[in-house]
Structure formats: structure tokens, C-alpha cells
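> Predicted model follows, preceded by the sequence.
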Amino acid sequence: MLAIVLLLIVGISRLFVGGSDEPDDTASQVADKPAATVTVTPTPDADPSKQAGDATGGKPEKPGKPEKSTSSAPPEPTGECSPSDVILKPAVTNGYAEDNVTIPLEVRTAKAAACIWKVSDDALQVRISQKGGDLVWSTVACPKAVPTKDIVLRRDTVTTLPLTWSGRRIVADECTGHGPWVKPNFFVIVASALGGEPSSATFGLYKPGSTLPRTEPDTPAN
């Protein structure tokens with residue numbers, strides 16, 4: 001009877017142990033295996049430009065366009081020019097005899113920033129003489145060569161006023177328009193505004209059809 005009880009106790013204890021004498025190493029195998037590594041890729045953020053905008057609390061500022069430089073406008077005339085303030089300079093170049101001669105007059109003011117000059121034969125005077133010789137033409141004898149008009153003069157800008165000489169000599173201090181042609185030679189022109197300082201220049205008239213020299217020779221071509 002005692003032997004039967006012992007057998008029952010041994011059987012029951014084996015049932016609680018798992019019914020096997022071999023050790024269960026399943027848990028140790030699971031523990032020995034390395035854990036799987038999961039890589040998490042961050043979601044790309046929005047456009048960097050938007051991030052910059054978010055950092056400042058709004059949209060990013062666009063670079064402004066460079067301001068265009070504006071040149072200052074020339075001064076406006078404030079009144080009439082004083083005759084003594086007008087600087088007049090002849091700028092005649094070499095030309096041909098027996099033809100009209102253009103006489104460009106470069107005009108500006110000495111002091112006034114801008115003013116109106118009333119041009120007429122009473123406002124200026126031009127005289128042309130043969131170099132080393134007599135008078136051959138003047139606006140005093142030929143007043144119609146000077147236009148009558150108003151022009152704006154400025155201190156820092158030269159205004160050109162062109163006159164025309166017929167290339168003929170005056171006769172008895174009169175501008176007949178039928179005087180003899182001047183012969184090829186050098187001439188001196190003197191111009192001034194009435195009340196202003198005179199200015200002079202030298203130019204040559206050459207034989208028609210000849211080549212105009214780049215430099216002034218001793219005498220014009222015949």
C-alpha cells in the first residue's frame with residue numbers, strides 16, 4: 001500500500017515539471033538571437049524657403065529690385081540773360097571759297113544757371129576779316145544773317161547758334177548779296193554778345209574741289 005502511494009506522488013510531480021526530463025532551451029535560444037533593428041526615416045520637411053518663412057512668422061521676403069538712378073533735370077530758366085553774362089565763341093571749321101560758310105556760335109552763360117537770351121542783330125556781333133587784312137563781312141552790315149528768336153542758355157551746357165555767311169565781301173559796308181567772292185585765304189572771326197567779352201578763331205577757305213587739310217598750312221591752296 002505504501003509503495004502504491006509513493007508511485008502516485010512521483011507521477012504527479014512529473015506532470016507538474018512538464019512531463020520531460022530534458023531541459024527546455026527555447027527561451028535561451030530566443031534570448032540569444034539579436035533583436036531586429038528598425039530604421040525610421042524622417043519625413044522630408046517642406047521647401048526650405050517655406051521653413052525660412054515659418055521662422056520669421058510669414059512668407060520669405062523677396063529681394064527688392066535695385067532702384068533706377070535718375071539723372072537730375074537741367075535747370076529751368078528764371079528770367080532773361082544779362083548781356084554781360086553771355087559767353088559766345090565761334091567754332092568755324094575750314095571750308096571752300098565761292099560757297100556759303102556756316103558759322104556755328106557756341107553760347108552759354110558765365111554765372112546764371114539758366115536764362116532766356118533774346119537773339120537778334122542787336123544782341124550780338126560777328127566780324128570776319130582777312131587774316132592780316134581788311135574787313136570782308138559783318139553782322140552790322142548784314143543784320144538779316146542773325147535770326148530773331150529766344151533761346152535757353154545754361155551755365156553747364158553749350159547751345160549752338162548757327163549763322164550763315166554767303167562767302168561774299170560786303171561792298172561799301174553794305175550787304176548787297178552780289179559782292180565778289182572772297183579768294184582762298186585765312187580769315188579771322190571775332191564774335192561777342194553785346195556787353196560781353198569778344199572771342200576769336202581762325203579758319204581757312206580753300207579752292208573748290210581741293211582736299212581740306214587736317215592741319216593749318218602756311219597758306220590756303222590756290
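Everything's here; your move.
> I'd like to check which residues are in contact with residue 130.
136, 182, 185, 186, 187, 188 (C-beta atoms under 8 Å, 6 or more residues apart in numbering). Bear in mind the C-beta positions are built from the backbone N, C-alpha and C, glycine included.
> Recalculate using a threshold of 7 Å.
Taking C-beta atoms under 7 Å, 6 or more residues apart in numbering, we find residue 130 in contact with 136, 185, 187.
> In a markdown table: those, plus neighbour count and secondary structure.
Below are these laid out as a markdown table (neighbours: other C-beta atoms under 10 Å; DSSP: H, G, I helix; E, B strand; the rest coil):
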| residue | neighbour count | secondary structure |
| --- | --- | --- |
| 136 | 19 | strand |
| 185 | 17 | strand |
| 187 | 21 | strand |
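> Out of those residues, flag the one nearest to residue 177.
Distance to residue 177, by C-beta to C-beta, is smallest for residue 136 among these, at 14.1 Å.
> That closest one is in contact with residue 129, isn't it?
Yes. With contact defined as C-beta atoms under 7 Å, residue 136 counts as touching residue 129 (6.3 Å).
> ranges for the strands of this structure?
86-90, 95-96, 101-109, 114-119, 124-130, 135-138, 149-154, 159-165, 185-193, 199-206 (DSSP state E).
> Could you pull out the helices in the protein for me?
Counting by DSSP state H, residue ranges of the helices within the chain are 2-17, 26-32, 48-56.
> Among those, show the one with the smallest mean pLDDT.
Of all the helices of the chain, helix 26-32 carries the lowest average pLDDT, namely a mean of 40.
> List the contacts of residue 87.
Contacts of residue 87 (C-beta under 7 Å, 6+ apart): 107, 108, 109, 110, 196.
> again with residue 140
residue 125.
> do you know how far it is from residue 161?
Here the criterion is C-beta to C-beta, to the nearest Å. By it, residue 140 lies 17 Å from residue 161.
> for the protein, what helix or strand is lowest in average pLDDT?
In the chain, no helix or strand scores lower on mean pLDDT, DSSP states H and E than helix 26-32, which sits at a mean of 40.
> So what's the residue count around residue 158?
Residue 158 has 12 neighbours, counted by other C-beta atoms under 10 Å.
> Next, find the distance separating it from residue 87.
Distance from residue 158 to residue 87, counting by C-beta to C-beta: 9 Å.
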